[in-house]
Structures are given as structure tokens and as C-alpha cells.
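Visitor: From the sequence below, what's the structure:
(2 chains)
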Amino acid sequence: AQSVSQHNHHVILSEAASLELGCNYSYGGTVNLFWYVQYPGQHLQLLLKYFSGDPLVKGIKGFEAEFIKSKFSFNLRKPSVQWSDTAEYFCAVNSGGGADGLTFGKGTHLIIQP
Amino acid sequence: DVKVTQSSRYLVKRTGEKVFLECVQDMDHENMFWYRQDPGLGLRLIYFSYDVKMKEKGDIPEGYSVSREKKERFSLILESASTNQTSMYLCASRPEQGASSPLHFGNGTRLTVT
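Guide: All right, here's what the predicted structure looks like:
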């Protein structure tokens, strides 16, 4: 069974700081990787995804993530965060050939202080 | 834009009651999913459905069942609600293109069982 590990449960940063949220997964085969964001009171939204090709993927709102197959990692980054990035962030994975649902990490609650 | 609508935003039910959570999507998606979201545990898959009248157990199906009589509607049923089923329930849908397509989420139903 797949599993996803997010290293930081709570992160507090000041505006303009750089952000990196860690994500590791356990599945050894072909994978699809996703980062979702949940702003306070809103539904989960897709930030970005990787399924093949360039391992550095860019998403919405200036976020990017790098797939490193040898490390089973898919870390989320943003060079300069804003107060509006305060949210909960979820990493998720599923196997490349399947049609099943996503396995999610436990989430990282990010707070940006103005 | 895909719309996934969950019929109730908040529900309060008593222990032992039969509870129906309804979800409708308007984009003719084949795949639909029910997750529960709990603080510190992330999202966990309860059940999913590939197509009408088809259902598959997810990671935590105990105490739940589902119904998919029409393509656009996927219902989650708590046969006899218990206090440990107090949670946020999220419905999602996805087109049949497969595992690399992202899930589209509803706003969630916060269920409290007293």
C-alpha cells in the first residue's frame, strides 16, 4: 500500500520568506504526484501535479515542486511567500496505471505572519 | 468549471441514526470518491466508484456504505452513526482519463454525531 509522509505539521514564516514543504512517498512503481491547498473555509484546490516529463513542475500562485525519483520525494517550494498563502497543504500520490483514489499525507498547516 | 456539490455544509445527528450524505457533480465524471478529513490525519479514502452501480472500498470503509444509482450522484451512508464518525466528509470526482487527472472536491460536510 502507498503511504505519504509530510515532514512538517505546522510551519510559521514571515512574509517574503522562502518556503519548502517536504513530501516523501513509499510506492516504488510509476506514480502521479499532487499538491493540494485548502484555504480557510474553502474546498481543496489543486496547486500542481506531476505524472511524467520534466521533474520540475510549476503550479498556480508561484508554487513549484520537484520530483526526485531516487529520493521518493516531491517537495513543494515558493521563493517568497505572502500572507495569503496561509492555508493547509496536502501532498498526494496514486499509482500510474491505476484508477483508484489518491493517498494523502497528513497535511502541513502553514501560517504566514505579516 | 467543475462543480461538486455536497447537499449539506453542517449536519448534527444522534448516535444510532442512519445518515445520508449526498454529492452531485455536473461534469459527467465517471469516478467519484468519498474521503473523511480529520485534524492531524489528513484525508482518508472511505469508498470510491468507477461508474454507475460500481463501488470499491477505500482504506477505511467500516461503518459506511455507498450508493451510485446515477452517474452524477454518489451517496455516503452511515448505517448507524457513532461518535467516532464525527468528521469533515469530502466528496470528489474525476473524469475517466485515469490516475493522472486531478480530483475535484466539494466544499465538505461537517458531521457531528452526539
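Visitor: what about the strands in chain A?
Guide: Here chain A has its strands, by DSSP state E, at A:4-6, A:10-14, A:19-21, A:23-25, A:31-38, A:45-50, A:56-58, A:64-68, A:73-78, A:87-95, A:103-104, A:108-113.
Visitor: okay, the ones you listed in JSON lines with mean neighbour count next?
Guide: Heads up, the C-betas are built off the backbone N, CA and C, glycines and all. Listed next are the strands of chain A as JSON lines, based on neighbours: other C-beta atoms under 10 Å in any protein chain shown:
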{"stretch": "strand A:4-6", "mean neighbour count": "19"}
{"stretch": "strand A:10-14", "mean neighbour count": "13"}
{"stretch": "strand A:19-21", "mean neighbour count": "19"}
{"stretch": "strand A:23-25", "mean neighbour count": "21"}
{"stretch": "strand A:31-38", "mean neighbour count": "23"}
{"stretch": "strand A:45-50", "mean neighbour count": "19"}
{"stretch": "strand A:56-58", "mean neighbour count": "14"}
{"stretch": "strand A:64-68", "mean neighbour count": "18"}
{"stretch": "strand A:73-78", "mean neighbour count": "21"}
{"stretch": "strand A:87-95", "mean neighbour count": "23"}
{"stretch": "strand A:103-104", "mean neighbour count": "23"}
{"stretch": "strand A:108-113", "mean neighbour count": "17"}
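Visitor: can you redo those strands as TSV with distance to chain B and mean pLDDT?
Guide: Converted to TSV, the strands of chain A look like this (distance: least, C-beta to the nearest C-beta, whole Å; pLDDT from 0 to 100):
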stretch	distance to chain B	mean pLDDT
strand A:4-6	8	95
strand A:10-14	10	97
strand A:19-21	13	97
strand A:23-25	12	96
strand A:31-38	5	94
strand A:45-50	4	94
strand A:56-58	12	97
strand A:64-68	13	96
strand A:73-78	14	97
strand A:87-95	5	92
strand A:103-104	4	92
strand A:108-113	9	96
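Visitor: So for residue B:16, which of those sits nearest?
Guide: Using C-beta to C-beta as the measure, strand A:103-104 is the one of the strands of chain A that comes nearest residue B:16, at 30.0 Å.
Visitor: give me every residue that touches residue 61.
Guide: By default, I'm working from chain A. For residue A:61, the contact set (C-beta atoms under 8 Å, 6 or more residues apart in numbering or on different chains) comprises A:47, A:78, A:85.
Visitor: I was thinking of chain B, sorry if that wasn't clear
Guide: Residues near residue B:61 by C-beta under 8 Å, 6+ apart: B:46-47.
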